[in-house]
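S.K.: The sequence and its predicted three-dimensional model are supplied below.
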Amino acid sequence: MRSKAKLSRKAPSICGIRAFWIALAAASGLGAGRAGAAPFVYVTNANSHDVTVIDTATDAVVATVRLAASSAPWGVAAGPNGRQVYVTDVANDAVIVIDAATNMAAGLIPVGENPRGIAISPDGKRAYVTNVGSNTVSVIDTGSRSVVATVRLQGKPFAAAITPDGKRIYVTIIDASGSSAVSIINPSDGALGKTIPLASNLDGLAVAPDGRHVYLPSDRANAVSVLDTRNSKAVAAIKVEPAPYGVAFTPDGKRAYVSHSDSTGTVSVVDTAAAREIATAQAGIDARGVAVTPDGHRAYVASAGTGKVAVIDTASNKILAAIPAGASPIGVAIGPPSSGVLARFDAQRETRSAGTRRPRALK
């Protein structure tokens, strides 16, 4: 005779609860967007001290993460597991960790002076932060939320990007003479490799999805420099509109979207195979950060001059919406597709506050 199973009175674990809600979300269709669970967009607002969270399924603002009044959030990157978002605070020399499920500031990691750019390794275990004021890159262990190494560079680093295989980090720098270059860091040991001189000022950069090229908007040349990662040589200069700033690729690598930080707020659309600009869109004055959704259907561009985020349909390259953000939106990051499932259950999300710190002047 089969014995009856004994019921356990043990309380369910947090992991079990999380799995239950995710399963329920999948069964009920909650969080479903253009490609299953549509991800969220995270936008840093430097002058209103907050981060705007946009649901890509509806293009609606679903939360505003309030930070310290002394903060100036700038760069932003989402972890590959969709659980954390990392924001550089240029005023307080720190990286703020946001819990993506609750939109709460969950940690503060001291780094170098005036941190701007941030990139996350493909496995999510490391974050690399460019510190303009100290000429360094801070290497963060995301598990312990602490700096485990510091790489000293030969100039002021502004932006960083990692190859898809995680084997190289590219950092844009400007040295004391005003000359621009790209430095390559080996993430396995933090060693500084080649530094490749380039002709004009650089800020943003992006590595192509296949890892073969790095695109570097050059504001003095009104062009995008193309670096071949196999031989570390510049192989092309793609002419675009004036004052190029940020760049992002579609997942298939066929298109690159380049923002322009001038009064026109243009976004250039580049055909990467032909290496030429094929279309433009008007995102708003002083277009800065740009990111493309994982399904490749939308590009989101921050307009610091209008306080809005432009949504571009990548099929037509037309503006679909201009979403109000905070004051001076700068950085844009998009989480993975799964990042939207659990958080959508919190329909009444409140804005959260990070701790206050002593104000510092922006550099």
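M.R.: Looks like it arrived, so ask away.
S.K.: what are the bridge partners for the nearest residue to Pro110 once chain neighbours are set aside, then?
M.R.: Distances taken as CB to CB, 6 or more residues apart in numbering place Ala94 nearest to Pro110, at 5.4 Å, with adjacent residues excluded. Just so you know, the C-beta spots here come from the backbone N, C-alpha and C atoms, and that holds for glycine as well. Taking DSSP bridges, one obtains Asp89, Pro110 as the residues bridged to Ala94.
S.K.: who's in contact with Ala94?
M.R.: Shown in contact with Ala94 (CB atoms under 8 Å, 6 or more residues apart in numbering): 88, 108-111, 115, 357.
S.K.: mind redoing it with 7 Å?
M.R.: Listed by CB atoms under 7 Å, 6 or more residues apart in numbering, the contact set of Ala94 reads 108-111.
S.K.: ok, now Ile169?
M.R.: 119, 128, 160, 162, 185, 187.
S.K.: now these in TSV, with secondary structure?
M.R.: Converted to TSV, the contacts of Ile169 look like this (DSSP: H, G, I helix; E, B strand; the rest coil):
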residue	secondary structure
Ala119	strand
Tyr128	strand
Ala160	strand
Ile162	strand
Ile185	strand
Pro187	coil
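S.K.: Can you list phi and psi of Arg230 for me?
M.R.: Dihedral pair for Arg230: phi -80, psi -30, per degrees, to the nearest 10.
S.K.: which residue sits closest to it, ignoring its sequence neighbours?
M.R.: Nearest to Arg230 is Arg212, by CB to CB, 6+ apart, at 6.7 Å.
S.K.: pLDDT score for that neighbour?
M.R.: For Arg212, the model assigns a pLDDT of 97.
S.K.: So it versus Ser134, what's the distance?
M.R.: 32 Å (CB to CB, to the nearest Å).
S.K.: repeat for Ala181
M.R.: For Ala181 relative to Ser134 (CB to CB), the value is 18 Å.
S.K.: Pop out the phi and psi values for the closest residue to Ser303 other than its chain neighbours.
M.R.: Sequence neighbours aside, Gly284 is the residue nearest to Ser303 in space, at 2.9 Å (criterion: CB to CB, 6+ apart). Reported as degrees, to the nearest 10, the phi and psi values for Gly284 are phi 120, psi 160.
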